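Engineer: next come a sequence and a model predicted from it.
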Amino acid sequence: MSKMLSLIVPVYNEEEVLPESFRQMDAQMKKIGYPYEIIYVNDGSRDSSMKILRGIAKDNPQVKVRSFSRNFGHQTAVTCGMDAAKGDALIIIDVDLQDPPEVIADMVKAWENGADIAYGKRLKRKGETIFKKVTAFMYYRVLRAMSATAIPLDTGDFRLIDRKVADVFLKMREHNRFLRGMSGWMGFEAVPVEYVRNERFAGKTKYTLKKMLRLASDGIIGFSDRPLDRKSVV
Ligand code: UDP
Ligand code: MG
């Protein structure tokens, strides 16, 4: 039987991007040629995202929707999508088209060639503030210096993971999740797929500074024992 792909898409207040995002992602998935499902996880949106998602799901049997009672955050939404996915490979992608859907085909090729994880590596970020670019650049390098786990530089959650990697994620039930760190910690055959990160198709970032700092501290606290080691604290 042919293998199947699961595309996991977290959604928080994304009414401006959803219709176009579905159109582009669905077209790419069709082109790749495997049977597929698209799993949207509505992370407690307060705009019309859920209504749009219901409409898309009604007309497209390959689309599944999960919905949270409130906003739990991006990492939890992606985890819910992983729990629901039935595919032989799972692809995690942002809904706002910053992760170009064409890159999915390159990730699938890497998987066909034996990769267990094909992670998107950002060569360039378009349309993001200098503040975001500088802090992200520094953060990944500080994390690398502090952590014993190899976490690839300039890499987010845009990636393909094989079913066997997904099954390990299913067993790790920690609450403060830093998925890209967990992925590095597990090992497996991971290959980079380089891409240029687009501007957001529409709307504004849903990652507030508070959410960003939370994610950054979850990364450091989860993947380094330096904060506990008094000798190394200056
Ligand atoms: N997102 C989410 N819950 C949140 C914040 C964001 O599910 O609390 C989703 C969002 O809809 C998008 C992805 O996570 O699909 C990344 O968010 P965003 O593009 O706003 O972050 P940025 O690219 O600016 O870091
Ligand atoms: Mg974005």
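Structural biologist: Nice, I can see it. Numbers count the residues shown, from 1 in each chain. Ligands and ions are numbered 1, 2, ... in the order given.
Engineer: only C-alpha atoms from now on, for both contacts and neighbour counts.
Structural biologist: Will do.
Engineer: near ligand 1, which residues of this structure?
Structural biologist: Neighbours of ligand 1 within the chain, by Cα under 6 Å from any ligand atom: 10-12, 14, 43, 71, 73-74, 77, 94-96, 205-207.
Engineer: ok, which pair from those is furthest apart?
Structural biologist: By the measure Cα to Cα, 71 and 96 form the most distant pair in those, at 17.5 Å.
Engineer: looking at these two, which is more packed in?
Structural biologist: The neighbour comparison of residue 71 against residue 96 (other Cα atoms under 10 Å) goes to residue 96, with 25 against 16.
Engineer: and the residue most central in space within the chain, helix, strand or coil?
Structural biologist: The chain has residue 157 as the residue nearest its centroid, 3.3 Å off, counting by Cα atoms, centre = their mean. Three-state assignment for residue 157 (DSSP: H, G, I helix; E, B strand; the rest coil): strand.
Engineer: who's in contact with it?
Structural biologist: Counting by Cα atoms under 8 Å, 6 or more residues apart in numbering, residue 157 touches 92, 93, 119, 120, 179, 180.
Engineer: of these, just the buried ones, PyMOL syntax please.
Structural biologist: Applying 16 or more other Cα atoms under 10 Å to the contacts of residue 157, the buried members can be selected in PyMOL as follows:
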select buried, resi 92+93+119+120+179+180
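Engineer: among the contacts of residue 157, which are located in helices?
Structural biologist: Counting by DSSP state H, the part of the contacts of residue 157 found in helices is 179, 180.
Engineer: nearest to ligand 1, of the contacts of residue 157?
Structural biologist: Checking the contacts of residue 157 against ligand 1 by Cα to the nearest ligand atom gives residue 93 as the nearest, at 7.1 Å.
Engineer: nearest residue to that closest one in space, please, no chain neighbours.
Structural biologist: Take residue 93 and drop its neighbours on the chain: the residue closest to it by Cα to Cα, 6 or more residues apart in numbering is residue 158, 5.0 Å away.
Engineer: tell me the SS of the residue lying closest to residue 13 once chain neighbours are set aside?
Structural biologist: Closest residue to residue 13 apart from its sequence neighbours, by Cα to Cα, 6+ apart: residue 45 at 4.7 Å. Of the three states, residue 45 takes coil according to three-state DSSP.
Engineer: just the pLDDT at residue 45, thanks.
Structural biologist: For residue 45, the pLDDT comes out at 98.
Engineer: check residue 200 too.
Structural biologist: Residue 200 is given a pLDDT of 96.
Engineer: cool, and residue 225?
Structural biologist: Confidence score, pLDDT, at residue 225: 89.
Engineer: helices of this structure, start to end?
Structural biologist: Under DSSP H, the chain gives helices at 18-32, 49-59, 74-84, 103-112, 130-146, 163-171, 179-186, 209-223.
Engineer: go through these and pick out the most buried.
Structural biologist: Using mean count of other Cα atoms under 10 Å, the stretch among the helices of the chain with the greatest mean number of neighbours is helix 74-84 (a mean of 21).
Engineer: I'd like the average pLDDT over that one.
Structural biologist: 98.
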